[in-house]
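**Q** here is the input, now give the coordinates:
(one chain, ligands or ions: 2)
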Amino acid sequence: MVLFHLKTFGCQMNVYDSSRIVGLLAEHNMEPTEDETNADIIILNTCYIREKASAKIFSELGRLNKLYLRLKGKSPVFAVIGCVAKAEGENIFKRAPFVSIVLSSQKYHLLPELLKKALAEKEIIAKENVDNKKGKKTKLSHLINTELSGLEKFACLPVTKNTEKIAFVQVQEGCDKFCTYCVVPNTRGREISRTEKDVLEEVNNLQKLGAVEINLLGQNVDCYNGLDENGEKSSLAKLIKKIAKFENVKRIRYTTSYPSEFSDEMIELHATEPKLMPLVYLPIQAGSNEVLHKMNRRYTKEQYLELASKLKNANPNIQISSDFIVGFPNETEEDFEQTLDIVRKVKFIQCYAFKYSPRPNTVAAKMDGQIDLKIKSDRLKRLQTELRKSQDAFNKSCIGKVMSVLFTDISKVDDGYIIGKNEYLQPVIVKADTKLVGTIQNIKIESASYANLKGKII
Ligand code: 5AD
Ligand code: SF4
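**A** Ligands and ions are numbered 1, 2, ... in the order given. Down below sits the predicted model:
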């Protein structure tokens with residue numbers, strides 16, 4: 001049995017890809033191991049979104065290679081897949097020559113064959129180097145496929161054999177929005193939707209295997225337009241209505257939304273479909289219209305506020321989470337204050353905030369007016385303080401309420417406690433029988449901190 005250690009960086013899409021890769025490799029007698037020191041193959045599924053993320057990949061590769069040379073005197077087969085693979089391509093072999101395989105995310109169905117080739121080659125090289133007394137080393141050949149193409153990987157993937165209670169299903173690949181700061185259109189290619197049939201078959205299989213929460217993934221999930229059974233273009237709302245019909249599916253989420261693509265059909269569905277969780281992840285990125293325009297975000301602050309209020313009118317339980325970028329080129333103090341202002345107005349409940357990171361081959365990286373790192377750090381801190389306030393206020397407002405919690409884990413710190421997520425993805429901790437892990441329970445919330453809620457089963 002060949003052992004592989006798979007490390008995943010970045011977004012939910014990579015987590016999803018990794019889970020499918022585990023199933024794919026199992027069909028080829030390759031087994032996952034948690035032990036990073038004892039694998040025949042190391043696969044890094046990588047993220048390129050910010051500089052820090054991609055730098056981490058190279059330091060991780062160096063660290064692991066050194067570790068293996070020290071422990072075993074030889075390297076495992078290294079494969080770099082995902083967004084760094086697509087963006088850096090051949091360059092990876094220059095920076096880390098011990099890597100054998102570089103593969104983009106749309107090509108990972110080719111991974112088993114490439115890994116087999118690389119393993120066989122390693123064996124031959126090791127033998128040649130033992131035979132060769134002069135110590136002339138044969139060089140490893142490098143296997144690369146960083147093309148971007150349609151949906152062929154989905155057709156090649158085996159049916160998933162097991163699932164967590166919370167399952168992810170990719171409905172769409174790529175992005176056509178071309179925000180000026182973002183590498184995704186380059187690393188994941190053009191937007192393309194899977195057919196309804198393909199998605200529904202996957203959901204059906206997952207719910208039969210025990211999944212109760214389905215998370216639909218797409219870079220711009222609102223633009224989902226896969227073909228339905230009549231060959232007509234479907235929509236995210238239509239797809240969700242069909243998924244809601246599966247009896248075992250109790251909760252449905254979708255991510256990530258693009259504000260100006262959010263449809264009235266979806267707003268209405270939030271009012272009528274109880275399985276649809278009332279948390280909308282709606283990245284705004286910035287509060288100033290000037291900055292939004294330079295980012296090529298196709299909405300204004302006013303339009304965003306209108307959408308937020310339409311959502312809350314349709315269903316008063318709805319809460320909104322978001323992403324922010326601070327220090328975009330030419331962002332002034334006044335622009336930044338508008339970001340703080342929008343946080344106060346929308347009262348987001350969980351957010352991610354980032355310092356703008358100039359990325360290769362993006363429009364914004366070439367703009368004049370790049371902002372000093374010190375200013376970016378200062379704005380990030382101020383924004384995080386404001387976000388924390390609004391998250392804190394929301395958490396406190398949950399005290400006394402009854403919330404529905406899907407329990408997924410036994411607490412590692414508090415004996416006798418189990419942990420789950422409520423409708424809003426807040427962690428909820430409860431003293432209860434561990435047998436309840438995997439079930440959904442009504443919990444009366446008794447206390448709240450910034451990080452989690454505590455309560456009791458009612
Ligand atoms: N710099 C900083 N943050 C970025 N994001 C995307 N590209 C960049 C960049 N170049 C953030 C956006 C996006 C999230 C996934 O990552 O906020 O919503
Ligand atoms: Fe990147 Fe913008 Fe597409 Fe999101 S919508 S993936 S931020 S280009």
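
**Q** C-alpha only now, for contacts and for neighbours.
**A** Fine.

**Q** can you give me the helices in this structure?
**A** 12-26, 51-72, 83-88, 91-95, 111-131, 152-156, 184-188, 196-208, 236-244, 264-272, 289-294, 301-314, 333-346, 373-397 (DSSP state H).

**Q** mean pLDDT for the ones you listed: which is lowest?
**A** Among the helices of the chain, helix 152-156 has the lowest mean pLDDT, at a mean of 79.

**Q** tell me how far that one lies from the chain's centre.
**A** 20 Å (CA atoms, centre = their mean, to the nearest Å).

**Q** tell me which residues are up against that helix.
**A** 106-109 (CA atoms under 8 Å, 6 or more residues apart in numbering).

**Q** from these, which is closest to residue 367?
**A** Relative to residue 367, the closest of the contacts of helix 152-156 is residue 106; by CA to CA it sits at 30.4 Å.

**Q** list phi and psi for the residue of the stretch 201-350 of the chain found nearest ligand 2.
**A** Closest residue of the stretch 201-350 of the chain to ligand 2, CA to the nearest ligand atom: residue 219 (5.3 Å). Per-residue torsions, residue 219: phi -60, psi -40 (degrees, to the nearest 10).

**Q** with residue 360 instead?
**A** phi -60, psi 140.

**Q** how about it, what does it touch?
**A** So residue 360 contacts residue 183 (CA under 8 Å, 6+ apart).

**Q** tell me the spacing between it and residue 94.
**A** Using CA to CA, to the nearest Å, residue 360 is found at 18 Å from residue 94.

**Q** which residues of the stretch 151-300 of the chain lie near ligand 2?
**A** Residues of the stretch 151-300 of the chain lying close to ligand 2 by CA under 6 Å from any ligand atom are 175, 177-179, 182, 184-185, 219.

**Q** from those, pick the one nearest ligand 1.
**A** Using CA to the nearest ligand atom, those come closest to ligand 1 at residue 182, 4.3 Å.

**Q** to what extent is that closest one buried, counted in neighbours?
**A** Neighbours of residue 182 under the rule other CA atoms under 10 Å: 24.

**Q** now it: phi and psi?
**A** According to degrees, to the nearest 10, residue 182 has phi -110, psi 140.

**Q** show me the contacts for it.
**A** Here residue 182 is in contact with 49, 359, 362 (criterion: CA under 8 Å, 6+ apart).

**Q** measure the first one to ligand 2 for me?
**A** Same thing as residue 49. 8 Å (CA to the nearest ligand atom, to the nearest Å).

**Q** excluding covalently adjacent residues, which one is nearest to that residue?
**A** residue 183 (6.2 Å; CA to CA, 6 or more residues apart in numbering).

**Q** tell me, how many residues neighbour that neighbour?
**A** Neighbour tally, residue 183, other CA under 10 Å: 23.

**Q** for it, give me its contacts.
**A** Residue 183 touches 48-49, 359-362, counting by CA under 8 Å, 6+ apart.

**Q** returning to that earlier point: so which of the contacts of residue 182 are also by ligand 1?
**A** 49, 359.

**Q** which residues are in contact with residue 303?
**A** residue 260.

**Q** ugh, wrong one, I meant residue 207
**A** Going by CA under 8 Å, 6+ apart, residue 207 touches 246, 248-249.

**Q** for it, give its distance to residue 330.
**A** 48 Å.

**Q** what parts of the stretch 201-350 of the chain come near ligand 1?
**A** So far as CA under 6 Å from any ligand atom goes, the stretch 201-350 of the chain lies against ligand 1 at 283, 285, 323-325.

**Q** burial check on the residue of the stretch 201-350 of the chain closest to ligand 2, number of neighbours?
**A** Neighbours around residue 219, by other CA under 10 Å: 25.

**Q** my guess is it contacts residue 256. True?
**A** Yes - here residue 219 reaches residue 256: they are 5.7 Å apart, a contact under CA atoms under 8 Å.

**Q** if you drop the residues flanking it in sequence, what lies closest to residue 150?
**A** Residue 150 sits nearest to residue 192 (CA to CA, 6+ apart), 6.9 Å away.

**Q** now do residue 188
**A** Leaving out its chain neighbours, residue 188 is closest to residue 174 (CA to CA, 6+ apart), at 4.6 Å.

**Q** do residue 143 as well
**A** residue 101 (4.8 Å).

**Q** repeat that for residue 169.
**A** Nearest non-adjacent residue to residue 169 (CA to CA, 6+ apart): residue 216, at 5.1 Å.

**Q** please report how far the one you found lies from residue 253.
**A** Distance of residue 216 to residue 253, given as CA to CA: 6 Å.

**Q** ok, residue 422 next?
**A** From residue 422 to residue 253 the distance is 12 Å (CA to CA).

**Q** for residue 425, same thing?
**A** Distance from residue 425 to residue 253, by CA to CA: 10 Å.

**Q** what do you get for residue 262?
**A** 14 Å.

**Q** over to residue 150?
**A** Applying CA to CA to residue 150 and residue 253 gives a distance of 25 Å.

**Q** which one of those two has more residues nearby?
**A** Neighbours per residue (other CA under 10 Å) separate residue 150 from residue 253, with residue 253 holding more: 20 against 16.

**Q** report pLDDT for the more buried one.
**A** 98.

**Q** and the gap between it and residue 179?
**A** Taken as CA to CA, the span from residue 253 to residue 179 is 24 Å.

**Q** re earlier: most surrounded residue in the contacts of residue 207?
**A** Going by other CA under 10 Å, residue 249 tops the contacts of residue 207 with 22 neighbours.

**Q** dump the residue contacts of that residue.
**A** For residue 249, counting by CA under 8 Å, 6+ apart, the contacting residues are 207, 211-214, 243.

**Q** among these, which two are most distant?
**A** 211 and 243 (12.4 Å).

**Q** hmm, who's touching stretch 58-73?
**A** With CA under 8 Å, 6+ apart as the criterion, stretch 58-73 contacts 37, 74-76, 95-96, 98.

**Q** between those residues, which is closest to ligand 1?
**A** residue 95 (22.2 Å).

**Q** identify the spatial nearest neighbour of that closest one, chain neighbours not counted.
**A** residue 58 is the one closest to residue 95 (CA to CA, 6+ apart), at 7.8 Å.

**Q** with residue 240 instead?
**A** residue 252 (7.6 Å).

**Q** these two touch, right, residue 446 and residue 454?
**A** Yes - between residue 446 and residue 454 there is a contact under CA under 8 Å: 5.8 Å.

**Q** show me which residues of the stretch 1-150 of the chain sit near ligand 1.
**A** Counting by CA under 6 Å from any ligand atom, the stretch 1-150 of the chain sits next to ligand 1 at 49-50.

**Q** still on that earlier bit, quick check: which of the helices of the chain is buried the most?
**A** Mean neighbour count (mean count of other CA atoms under 10 Å) peaks for helix 83-88 among those, with a mean of 24.

**Q** returning to what we had before: got a winner among the contacts of helix 152-156 for most neighbours?
**A** In the contacts of helix 152-156, the most neighbours by other CA under 10 Å go to residue 106, 27 neighbours.
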